[in-house]
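[1] Just need the structure, nothing else, for what follows:
(one chain, ligands or ions: 2)
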Amino acid sequence: MWKRAPFSLTRYPKNVKVLVIGGGGREHALAWRLARGASITRVYVTPGNPGMANVAECVPLENATPEEYLGLAERLGVDFTVVGPEAPLVAGVVDLFRQCGKPIVGPTKAAANLEGSKVFSKEIMNSAGIPTARYTIAESEAEALAALPRFELPVVLKADGLAAGKGVIVAKTRDEASDGVRALFSGQLAGDAGRVVVIEDFLPGREVSFIVLTDGETVVPLAPTQDHKAVHDGDEGPNTGGMGAFCADNILTGAETQEVLDRVIAPTIRAMAQRGTPFSGFLYAGLMMTEKGIQVLEFNARLGDPECQTLMHRMNSDWGAVLYRAATGRLAGVTIGWDAAPSVCVVAAAHGYPGQVRTGDSISGVRDAEAGGAVVFQAGTRLNAQGGLVTAGGRVLGVTASGVDLRAAMNRAYLGMEQIRFEGIHFRRDIGAKGLARRPV
Ligand code: AMP
Ligand code: GLY
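    Numbers count the residues shown, from 1 in each chain. Ligands and ions are numbered 1, 2, ... in the order given. As a prediction, the model looks like this:
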């Protein structure tokens, strides 16, 4: 554990400045919420994106090293730093900040391995008795092909390493499974991340993203959310990083939430501490609610994207104060408040996503969408030489809104989406629909 500074609310520093690392929709939402909190006077984001300009100051720094992030935090004189994406975590940015006594929200490199290696996360789950799909590990194509007949269809193949949501194949036929094995081991699908592959049973059920904020001891749960990973309506087509999400009270019952905390989150935090690699920051359990109970599909070491957009939209706490306490190991006693109104985020993706993406298409309608009551969190956008907003990545932006009920939140988000225009735009039309089918709580 890192050394703790004594903390009390009266010692909360004045004029707090925060640095957010990242440049996607998740970081736009984080910056937007931080800027609204009473305790933050300045929000910096690196590298940020054009959508954040009115809530934060963007500082360009692409794919920086931990040392470069530290140098930036020192130059800006920030009080603490929040890490959005997984790559800087796996590179050890939190380890370096802690060594230098700089408060930061996120797990160390060793703890981020819960996301960085599917093999490691499976081992942790097995050793801590956390419910998860039966699996085997294959280190060569031949080993994987030999293991496949031991699994029924559909079967799930997962690249061990980080693959931006694209390293998982759900194969419905034997041919798809063996083609998937070849695509992973050839490096074609997920590069080096696919040189080791987890093969596991397919679990049918309802997916839930369960994210907590922890300082290694105290766990503060965020509201459960639901992502939509497949590119097309009705969960058809290949997996993406997430095409939309919603946050509503009927995703889990109180009893289910307690069960996740007791059977998944607490044993994971305990197992990581026992290994000498305590987990701090955002722990994201990707759950499948099956007929046989709760199962864990995966862990992430960060907030989900686009889950974060719905969480930030719905939260009504002073987020800066909460994160400062997380960064300084003082989460005890913290709770987070949520508006009663559910929130929905619908992602607009670029031509070709999740395959080869075309960039440079002109975007219009952001202001009109916001005039209708939605918030547009930008992700894959940039300004061209003429100052016009153009596409610059696969997931371009997320139109986010809330409403008196889930239907109203969906209507408002889709009304906003109708205003957004760019060549090749595609988005799912059924984000939130699964929540409508569930009973209210
Ligand atoms: P992961 O990166 O492990 O969350 O996998 C990406 C997506 O693949 C998940 O969000 C699920 O939609 C799907 N998936 C992963 N593992 C399984 C499984 N064992 N059974 C069913 N679907 C799965
Ligand atoms: N939306 C899923 C993720 O962030 O991994």
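[2] And the nearest residue to Gly394 once chain neighbours are set aside, how far from Gly242?
    Excluding its sequence neighbours, the residue lying closest to Gly394 (Cβ to Cβ, 6 or more residues apart in numbering) is Tyr353, at 3.8 Å. (Glycine included, C-beta is placed from N, CA and C.) Using Cβ to Cβ, to the nearest Å, Tyr353 is found at 11 Å from Gly242.
[3] Quickly list what's touching both of these two.
    Overlap of the contact sets of Tyr353 and Gly242 (by Cβ atoms under 8 Å, 6 or more residues apart in numbering) consists of Arg395.
[4] And the residue in the stretch 1-150 of the chain that ligand 2 sits nearest to, which helix or strand is it part of?
    Closest approach between the stretch 1-150 of the chain and ligand 2, counting by Cβ to the nearest ligand atom: Arg26, at 7.5 Å. Assigned by DSSP states H and E, Arg26 belongs to helix 25-36.
[5] Can you dump the C-alpha atoms of that helix in PDB for me?
    Presented in PDB, the C-alpha positions along helix 25-36 are these (Å, rounded to 0.1, in the frame of the first residue of the first chain):
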ATOM      1  CA  GLY A  25     -16.300   9.600 -24.600                       C
ATOM      2  CA  ARG A  26     -15.600   8.200 -21.100                       C
ATOM      3  CA  GLU A  27     -13.100  11.000 -20.400                       C
ATOM      4  CA  HIS A  28     -15.400  13.700 -21.900                       C
ATOM      5  CA  ALA A  29     -18.100  12.500 -19.500                       C
ATOM      6  CA  LEU A  30     -15.700  12.400 -16.500                       C
ATOM      7  CA  ALA A  31     -14.500  15.900 -17.300                       C
ATOM      8  CA  TRP A  32     -18.100  17.200 -17.700                       C
ATOM      9  CA  ARG A  33     -19.100  15.800 -14.300                       C
ATOM     10  CA  LEU A  34     -15.900  17.000 -12.600                       C
ATOM     11  CA  ALA A  35     -16.400  20.500 -14.000                       C
ATOM     12  CA  ARG A  36     -19.900  20.600 -12.400                       C
END
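[6] What is the neighbour count of the residue of the stretch 151-300 of the chain at minimum distance from ligand 2?
    Residue of the stretch 151-300 of the chain nearest ligand 2, by Cβ to the nearest ligand atom: Gly242 (3.2 Å). The number of residues packed near Gly242 is 24, by other Cβ atoms under 10 Å.
[7] same deal with Glu259?
    Neighbour tally, Glu259, other Cβ under 10 Å: 14.
[8] quick one: what helix or strand has it in it?
    Going by DSSP H and E, Glu259 is in helix 254-260.
[9] In the stretch 201-350 of the chain, what residue comes closest to ligand 1?
    Closest point on the stretch 201-350 of the chain to ligand 1, by Cβ to the nearest ligand atom, is Glu298, at 3.3 Å.
[10] Could you find the closest non-adjacent residue to that residue?
    In space, Glu298 is closest to Gly286, 4.4 Å off (Cβ to Cβ, 6+ apart).
[11] Looks like the one you found contacts Arg206 (just checking).
    No: checked against Cβ atoms under 8 Å, the pair Gly286 and Arg206 is beyond contact range at 12.0 Å.
[12] out of these two, which sits in the busier spot?
    Legend: neighbour count by other Cβ under 10 Å for Gly286 and Arg206, higher for Gly286 (18 against 13).
[13] Look at the more buried one and tell me its secondary structure.
    Of the three states, Gly286 takes strand under DSSP: H, G, I helix; E, B strand; the rest coil.
[14] Use 45 as the first number from now on
    Shifting the count to begin at 45 puts that one at Gly330.
[15] Quickly note the distance from it to Lys202.
    Distance from Gly330 to Lys202, by Cβ to Cβ: 12 Å.
[16] what residues are up against Cys352?
    Cys352 sits in contact with 69-70, 73-74, where contact means Cβ under 8 Å, 6+ apart.
[17] Try it again at 7 Å.
    70, 73-74 (Cβ atoms under 7 Å, 6 or more residues apart in numbering).
[18] picking up where we left off before, mind giving me the packing neighbours of the helix holding Arg70?
    Judged by 3 or more Cβ pairs under 7 Å, 6 or more residues apart in numbering; DSSP states H and E, the packing partners of helix 69-80 are strand 60-66, strand 84-91, helix 351-358, helix 363-371, strand 419-422, strand 439-446.
[19] any residues touching the shortest one, and which ones?
    By Cβ under 7 Å, 6+ apart, the list of residues contacting strand 419-422 from outside reads 69, 72-73, 93-95, 353, 357, 410, 413-414, 441-444, 460.
[20] Could you check which residue of the stretch 45-194 of the chain lies nearest ligand 1?
    Counting by Cβ to the nearest ligand atom, the stretch 45-194 of the chain gets nearest ligand 1 through Ala177, at 4.1 Å.
[21] ok, that residue - how many residues close by?
    With other Cβ under 10 Å as criterion, Ala177 counts 20.
[22] cool, Phe246 as well?
    Neighbour tally, Phe246, other Cβ under 10 Å: 15.
[23] cool, and Ser171?
    Residues lying near Ser171 (other Cβ under 10 Å) number 12.
[24] Go ahead and confirm it touches Ala315.
    Yes: look at Ser171 against Ala315 with Cβ atoms under 7 Å: they come within range, at 6.3 Å.
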